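Q: Here you go, sequence then predicted model.
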Amino acid sequence: MTPSAAYVPHDREGKALRVHGPHPGEEIIYVLEGSLEYKVEGQPTVTLQPGDVLFIPAGTIHAAKTVGSGKGVELATYIVEKGKPLLAVAK
């Protein structure tokens with residue numbers, strides 16, 4: 001497995017949830033700034049604050065949006081098999 005990280009800013013409040021996944025590996029979200037709402041397939045919706053962490057299992061479709069008055073920023077770490085893509089687009 002090869003870990004890789006990405007700094008991901010989210011749009012301001014009022015935007016629709018952005019659908020992600022399914023990714024071929026696990027994704028670990030660490031919120032850096034703002035409030036972010038996540039809907040993960042098969043789980044209740046959660047709202048995360050700076051310092052909160054969310055684990056998204058491999059192959060799980062999920063969506064995120066900023067809530068509140070500021071921007072939302074996360075650090076996403078992906079753990080995937082070497083040679084596989086980090087991201088996939090949900091259809």
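A: Everything's here; your move.

Q: For Glu74, see how far away Glu26 is.
A: 15 Å (CB to CB, to the nearest Å). C-beta coordinates here come from the backbone N, C-alpha and C atoms, glycine included.

Q: So the two - more neighbours on which side?
A: Between Glu26 and Glu74, counted using other CB atoms under 10 Å, the more crowded position is Glu74 (27 against 17).

Q: pLDDT score for that one?
A: Per-residue confidence for Glu74 comes out at a pLDDT of 86.

Q: Quick check: beta-bridge partners of it?
A: Beta-bridge partners of Glu74, counted by DSSP bridges, are Val8, Val31.

Q: low-confidence ranges in the chain?
A: 1-21, 86-91 (pLDDT under 70).

Q: And the residue lying closest to Val53 once chain neighbours are set aside, how far from Ala58?
A: Among residues not flanking Val53 along the chain, Tyr30 sits closest, at 5.4 Å (CB to CB, 6 or more residues apart in numbering). With the distance defined as CB to CB, Tyr30 ends up 18 Å from Ala58.

Q: Please report how far the residue nearest in space to the middle of the chain lies from Lys82.
A: Central residue check for the chain by CA atoms, centre = their mean: the C-alpha nearest the mean position is that of Ile29, 5.6 Å away. Separation of Ile29 from Lys82 (CB to CB): 22 Å.
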